[in-house]
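1. fold the following for me, if possible:
(chains A and B)
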Amino acid sequence: METIPLLLEARLRAAVENAAGVEANVTPASDTRFGDYQSNIAMLLAKRDKANPRALAQQILDRLQVSDICSAVEIAGAGFLNFRLCKKWVQSRLEDVRADSQLGVPEPQKPRSIVIDFSSPNVAKTMHVGHIRSTFLGDSLARIATFVGHKVVRDNHIGDWGTQFGMLLYGWKNLLDREALAADALAEMERLYKTVSAQCKETPEVLESARNELVKLQSGDLENLSLWLEMIHLSQGQFDTIYSRLGVRFDVTYGESYYNSRLKPVVAELCSLGIAKESDGAMCVFSDGALPQEQDPFLIKDKDGWRSNPALVLKSDGAANYTTTDLATIQFRMEKWKPDEIIYVTDGRQQLHFRQLFAIYRRWQPKQAEQVRLAHVWFGAILGEDGKPFKTRSGDTVKLADLLDEAEERAYTLVTEKNPALPESERREIARIIGLGAVKYADLQPNRQGDYVFSWDKMLSFQGNTAPYLQNAYVRIRSIFRKLVEAEIVWDPGAPIALVDPAEEALGKKILQFGEAVQQVLVDHRPNGLANYLYELANTYHGFYEACPVIKAEPALRPSRLELCDLTERVLKTGLGLLGIQVPERM
RNA sequence: GCGCCCGUAGCUCAAUUGGAUAGAGCGUUGGCCUCCGAAGCCAAAGGUUAUGGGUUCGACCCCCGUCGGGCGCACCA
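-> Next up is the predicted model:
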């Protein structure tokens, strides 16, 4: 489209700002009794100027120019401005959205470059439930940012370096079961790690040997390097399999080891700049006193007052740690992509680490730091129904592959129950889409901060605010279009949209909110806003479906209703796609 | 001890970031299929938003205190 249409909310906001002369706020109405949108600007101004809010509202109203969009604007309550949309405008706006491949999401004025660091599994370890939140959140944010028009780099910062490799190398050389490795490489490597880890606690000689293996690896020993590479290779195979199942992809997979050559220079620079200092044999970053004590990540309050809470950039054994790696990683990303934003998707336990990391970077590279938004997008834990971390009955961590298997199997049983006539292969495919969708949606629908309880029954009950409910709305629409052919009704796309029934009007207005819902996700990094919007859309559609027959509608009403169905279908499919969730044609 | 996060209906979660009568689903009760898929829709019941204060036209949201839960506090990431 040649002109960039402003979003509805933004247009109303601009009109209000124009009339009020200050920055204003317009939001969807909390209740349809109050109209469609509302602004509380008069009350805010009244507070600032100690004036009468209703009088101010009247002044704003007198200068407000929204007659093209609104049929009525009223002053209500303590001084709200309530907007009621003009039906004609909604209709023509829907026709614009229909012609827009972005479904009303405008191009950004300035596309941004965003690096998203998510998933980040460890080499030689099986992927488990602990990885799903980072993976789904990161993937969804990446999809949405891309859709909105930003340039996105998806970086899988895998854990391919660190002390665990000493133990793994020792185990590989002394305890490796070749057959087991061939059968299930990850399980065997995990067994090696667990065995050696236990032995290290019992036997000092084993601990010493493991340390030696690590030193040899770090100093470039060829044998250890080649074993290490083999472990990465084997792990990458597993990652690829899982990601392919999940429908998640990455642009780059620079592991931690990729930054090895940068670590020493980073530490040296921090030292020469006086940012890092020696303490107890380690190189540490202490507070520089620039921030108020309560906000300083390098200070901690004690019963005796404030004391240091430094971040280590070099351990006393001379090895770097993850703070160092992360600093080097920011440096590399700034050089390579000059991003406007770097998003880290990890669990909430790492909040202090990232506060320190970002603070060090700002001190180290003040100019560059001003050009990039560093965001730690954190999330809570997944709990079992007992309120404790989600585990199997035997107390083991739930493997991601097993979780997906079970989701598909449960979905298959339900699909077969509901629709036994469908061919086996189609039922399998439907079960895959529904099972995976249910897991993803259960993860993305709650507010990411805070824990949530994992429940198969609730997730796959297929009722309420679940993926299958949304998928079902889509399936019902598809069914109408299939029936259309049987009924020998020709759908001629592009008919004028006429909102006659209240259910049609409600659906039309809900469709117009898609753009805002998508954009908001990038403001607070919370895809659950989109999830909740899609639920409302599906719910509104179901209401429309009950109230307004399509195929059996009077011929005069049908074309517009078909347009509404088609638009809803596209928004649902696109919106779910932004959450990484597919839709089936039947279910 | 200190810090971060959480506490909303019996259960699982929302609440447009300070807006109007706090909303859904599950479960409970009662309706709607000779009618496009009932995996749906409509309705009822269920709340002192853990608790006590404060800020203001207005508070689940902001501030202070208390209680309960989770996590984190220099050589793991």
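2. for RNA strand B, what are the nearby residues on the stretch 201-350 of chain A?
-> A:256, A:279-282, A:284, A:294, A:300-303, A:308-310, A:312, A:315-317, A:319, A:321-322, A:325, A:348-350 (C-beta under 7 Å from any atom of the strand). All C-beta spots, glycine's among them, are computed from the backbone N, C-alpha and C.
3. can you do 6 Å?
-> A:256, A:279-282, A:284, A:300-303, A:309-310, A:312, A:315-316, A:321-322, A:349-350 (C-beta under 6 Å from any atom of the strand).
4. counting neighbours, what do you get for the closest residue to RNA strand B within chain A?
-> Going by C-beta to the nearest atom of the strand, RNA strand B is nearest to A:Gly464 of chain A, at 1.9 Å. Around A:Gly464 there are 10 other residues, counting by other C-beta atoms under 10 Å.
5. before we move on, the earlier item: show the buried residues in the residues of the stretch 201-350 of chain A next to RNA strand B.
-> A:Glu256, A:Ala282, A:Cys284, A:Asn309, A:Pro310, A:Leu312, A:Asn321, A:Tyr322 (16 or more other C-beta atoms under 10 Å).
6. in JSON lines: the residues you listed, plus secondary structure.
-> Shown next, in JSON lines, are these (DSSP: H, G, I helix; E, B strand; the rest coil):
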{"residue": "A:Glu256", "secondary structure": "helix"}
{"residue": "A:Ala282", "secondary structure": "strand"}
{"residue": "A:Cys284", "secondary structure": "strand"}
{"residue": "A:Asn309", "secondary structure": "coil"}
{"residue": "A:Pro310", "secondary structure": "coil"}
{"residue": "A:Leu312", "secondary structure": "strand"}
{"residue": "A:Asn321", "secondary structure": "coil"}
{"residue": "A:Tyr322", "secondary structure": "helix"}
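7. which pair in the residues you listed spans the largest distance?
-> The distance between the two most remote of these (C-beta to C-beta) is 24.0 Å, for A:Glu256 and A:Asn309.
8. any buried residues in the least confident helix or strand in chain A by mean pLDDT, and which?
-> When each helix and strand of chain A is scored by mean pLDDT, DSSP states H and E, helix A:456-460 comes last, with a mean of 77. For helix A:456-460, burial by neighbour count (16+ other C-beta under 10 Å) applies to A:Met459, A:Leu460.
9. could you look up the SS state of A:Leu291?
-> coil.
10. over to A:Ser71?
-> strand.
11. could I get the pLDDT score of the residue nearest to it when sequence neighbours are not counted?
-> Distance criterion C-beta to C-beta, 6 or more residues apart in numbering; nearest residue to A:Ser71, sequence neighbours excluded, is A:Cys86 at 4.2 Å. At A:Cys86, the predicted lDDT confidence score is 93.
12. what's the distance between A:Cys86 and A:Leu484?
-> According to C-beta to C-beta, to the nearest Å, A:Cys86 stands 31 Å off from A:Leu484.
13. likewise for A:Gly130?
-> According to C-beta to C-beta, A:Gly130 and A:Leu484 sit 47 Å apart.
14. do the same with A:Tyr469
-> From A:Tyr469 to A:Leu484 the distance is 24 Å (C-beta to C-beta).
15. swap in A:Lys264?
-> For A:Lys264 relative to A:Leu484 (C-beta to C-beta), the value is 68 Å.
16. kindly report the same for A:Cys565.
-> From A:Cys565 to A:Leu484 the distance is 10 Å (C-beta to C-beta).
17. neighbour-wise, which of the two wins?
-> Taking neighbours as other C-beta under 10 Å, A:Cys565 and A:Leu484 compare with A:Cys565 leading, 23 against 17.
18. element containing that one, please.
-> helix A:558-578 (DSSP states H and E).
19. could I get the buried residue list for that helix?
-> Applying 16+ other C-beta under 10 Å to helix A:558-578 flags A:558-578 as buried.
20. what's the average pLDDT for that helix?
-> For helix A:558-578, the per-residue pLDDT averages 97.
21. just checking, what packs against it?
-> helix A:87-98, helix A:132-148, helix A:467-486, helix A:502-511, helix A:514-524, helix A:528-547 (3 or more C-beta pairs under 8 Å, 6 or more residues apart in numbering; DSSP states H and E).
22. show residues contacting the fourth one.
-> Read that as helix A:502-511. A:32, A:36, A:85, A:87, A:90-91, A:94, A:97, A:497-499, A:536-537, A:540-541, A:543-544, A:546-548, A:560-561, A:564, A:567-568, A:571 (C-beta atoms under 8 Å, 6 or more residues apart in numbering).
23. also near RNA strand B: which of those, exactly?
-> Restricting these to those near RNA strand B - C-beta under 6 Å from any atom of the strand - leaves A:Gly543, A:Glu546, A:Cys548.
24. lovely, talk soon.
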